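Colleague: Starting from these lines, generate the structure:
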Amino acid sequence: MKKLQMVDLVGQYQAIKKQVDESIAQILNSAAFINGPEVHAFQKELEDYLQVKHVIPCANGTDALQIAMMGLGLQPGDEVITADFTFAATVEVIALLRLTPVLVDVEPDTFNIDPIAIEKAITSKTKAIVPVHLFGQCANMDVIMEIAQKHGLFVIEDNAQAIGANYTFKNGKKKKAGSIGHVASTSFFPSKNLGCYGDGGAIYTDNDELAHTIRGIVNHGMYTRYHHDVVGVNSRLDTIQAAVLRAKLPHLDSYCNQRREAARKYVNAFQGQDFIILPKTGIDCSGICENCDCHVFHQFTIRIMNGKRDELAAHLAEKNIPFGIYYPIPLHKQKAYIDKRYKESDFPVTNELVKEVISLPMHTELEDDQISFITDTVIQFLKN
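Modeller: Residues are numbered from 1 along each chain as shown. Predicted coordinates:
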């Protein structure tokens, strides 16, 4: 059996090595390191893939979120609602812009932001909602967009973990994750489903005026060199990373399908096991259907319900099985984001999830014997 890895980027690279190496060599020979032709080509190709009018590449996913908020003109003191159960970058940029983060609970089965909690948290100061499409599938965008329209709010999709996923609306229409709200951000961190070999990110929107504003923000507020029309930042996707992403983008759907197939094997092995709650796919879906397109399994995350999650983690470590605990501490308990407005009763689901979730290896190179070893190890431990 090959050595287990949480993400096998080396194996994935081998399949596209020739194209990546040739593209990088061409960039090195041309010295077009910043804003080279590969960046513009990737931008257009991602627009076509997502079926959005505007993709604006930037330096990383955190910048993408911050720039999206800057582009919307949010002002200090404006309230922005987002999920308590997610990585800190989502709330970090809200605080950096001197906006007021409002953390709410998530759903127990999808791990995504709870629309009921969103509605309860809205005040006269609320200006935006940031649904995080956690672990690879969209939040309930039907309801979230209805809430936003009702209250006149912006929706900023944090699509760092779900690029490639489809969302099916109640009327049967499908749209790509990140193409539903007013603006979206994504990350191309190496471990993402579409990852580069360093940092990278992008913002996307169908709004022409917003896209124009954002294009200025990412480049020091300039549309014409040395003319600074808006307050901006320095956040560019470098040409080498764009070349890597161009090589990977045509394979993205295949990568997602390979992850789904690995997830099916996990589910089949764990089905009916006591103390394990398996990930949910789709709002009205049970299991992972053969035509699944709603979940891209950036992570395969299960809940351990017998109180022995940490003991299982230690056991996996002893067996050299990598794992992740995303996330061990809720944002409302993080020192940087503690706020007297929050009560523990506001976060019953999150407070349980942080004690129960564990993510198992998930990537495009997983082999059957590896999955069998992982699942057998988990099952045997939980039976003891």
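Colleague: Point me to the residue sitting closest to the centre of the chain.
Modeller: For the chain, the residue nearest the mean C-alpha position is Q161 (2.0 Å; Cα atoms, centre = their mean).
Colleague: need the contact list for that residue.
Modeller: Applying Cβ atoms under 8 Å, 6 or more residues apart in numbering to Q161 gives the contacts V132, H133, L134, F135, G136, K192, N193, H298, Q299. For the C-beta atoms, the positions are set from N, CA and C on the backbone; glycine is no exception.
Colleague: Apart from its neighbours in sequence, what residue is nearest the third one?
Modeller: Yep, that's L134 we're talking about. F111 (4.8 Å; Cβ to Cβ, 6 or more residues apart in numbering).
Colleague: Let me see the contact set for the one you found.
Modeller: F111 neighbours (Cβ under 8 Å, 6+ apart): F85, L134, F135, T301, L353, V357.
Colleague: Find the residue ranges of the stretch 1-150 of the chain scoring beneath the pLDDT cut-off.
Modeller: Scanning the stretch 1-150 of the chain for pLDDT under 70 picks out nothing.
Colleague: nope, the stretch 151-300 of the chain is what I was after
Modeller: For the stretch 151-300 of the chain, the ranges with pLDDT under 70 are 283-286.
Colleague: Closest to Q43 out of the contacts of Q161?
Modeller: The closest of those to Q43 turns out to be K192 (Cβ to Cβ; 17.4 Å).
Colleague: Surely Q161 forms part of a helix?
Modeller: No - judged by DSSP: H, G, I helix; E, B strand; the rest coil, Q161 forms no part of a helix; its state is coil.
Colleague: quick one, phi/psi of it?
Modeller: Backbone torsions of Q161, given as degrees, to the nearest 10, read phi -110, psi 0.
Colleague: Spatially, which residue comes closest to it, not counting chain neighbours?
Modeller: H298 (4.1 Å).
Colleague: Check A89 too.
Modeller: T62 (4.5 Å).
Colleague: Next secondary structure element downstream of the strand or helix carrying that neighbour?
Modeller: In the assignment (DSSP states H and E), T62 maps to helix 61-71. Scanning forward in sequence from helix 61-71 by DSSP H and E, the next helix or strand is strand 79-83.
Colleague: name the helices or strands packed onto that next one?
Modeller: helix 89-96, strand 100-104, strand 126-130 (3 or more Cβ pairs under 8 Å, 6 or more residues apart in numbering; DSSP states H and E).
Colleague: what are the pairing partners of that strand, and which direction each?
Modeller: If you go by DSSP bridges, strand 79-83 pairs up with strand 100-104 (parallel), strand 126-130 (parallel).
Colleague: May I ask which two of the contacts of Q161 are separated the most?
Modeller: V132 and N193 (15.2 Å).
Colleague: Tell me the bridge partners for the residue nearest to T100 when sequence neighbours are not counted.
Modeller: Spatial nearest neighbour of T100, chain neighbours left out: E79 (4.6 Å); criterion: Cβ to Cβ, 6+ apart. Going by DSSP bridges, E79 is paired in beta bridges with T100, T126.
Colleague: Could you measure from A336 over to A68?
Modeller: A336 sits 21 Å away from A68, going by Cβ to Cβ, to the nearest Å.
Colleague: higher neighbour count, these two?
Modeller: A68 (30 against 9; other Cβ atoms under 10 Å).
Colleague: Excluding chain neighbours, what is closest to that one?
Modeller: Closest to A68 by Cβ to Cβ, 6+ apart is V183, at 4.6 Å.
Colleague: ok, now how distant is the one you found from I156?
Modeller: As judged by Cβ to Cβ, V183 and I156 stand 6 Å apart.
Colleague: just C196 next, same as before
Modeller: Distance, C196 to I156, using Cβ to Cβ: 22 Å.
Colleague: which one of the two has more residues nearby?
Modeller: The neighbour count for C196 versus I156, taken as other Cβ under 10 Å, is higher for I156 (29 against 25).
Colleague: Only C-alpha atoms, please: export the helix or strand harbouring the more buried one in PDB.
Modeller: Here I156, judged by DSSP H and E, is contained in strand 154-158. This file holds the C-alpha atoms of strand 154-158, laid out as PDB (Å, rounded to 0.1, in the frame of the first residue of the first chain):
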ATOM      1  CA  PHE A 154     -25.700  41.600  -0.300                       C
ATOM      2  CA  VAL A 155     -24.700  37.900  -0.500                       C
ATOM      3  CA  ILE A 156     -21.000  37.200  -0.700                       C
ATOM      4  CA  GLU A 157     -20.300  33.500  -1.300                       C
ATOM      5  CA  ASP A 158     -17.200  32.100   0.300                       C
END
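Colleague: Which secondary structure elements does the helix or strand following that strand sit against?
Modeller: Scanning forward in sequence from strand 154-158 by DSSP H and E, the next helix or strand is strand 166-168. Applying 3+ Cβ pairs under 8 Å, 6+ apart, one finds that strand 166-168 contacts strand 174-176.
Colleague: What are the contacting residues of the strand it packs on?
Modeller: Identification of contacts with strand 174-176 by Cβ under 8 Å, 6+ apart yields Y49, L50, Q51, V52, G164, A165, N166, Y167, T168, F169, D293.
Colleague: contacting residues around the fifth one?
Modeller: In this case it means G164. By Cβ under 8 Å, 6+ apart, the residues touching G164 are K176, A177, N193, L194, L252, D253, Y255, C256, V296.
Colleague: rerun at 10 Å
Modeller: Going by Cβ atoms under 10 Å, 6 or more residues apart in numbering, G164 touches 49-50, 136, 176-178, 192-194, 249, 252-257, 259, 293, 295-296, 298.
Colleague: L46 now?
Modeller: Applying Cβ under 10 Å, 6+ apart, the residues contacting L46 are 52, 55, 57, 163, 186, 194, 202, 204, 242, 245-246, 249, 252.
Colleague: Could you export the contacts of strand 174-176 as TSV, including distance to I277?
Modeller: Formatted as TSV, these follow (distance: Cβ to Cβ, whole Å):
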residue	distance to I277
Y49	33
L50	32
Q51	34
V52	34
G164	25
A165	21
N166	24
Y167	23
T168	23
F169	27
D293	23
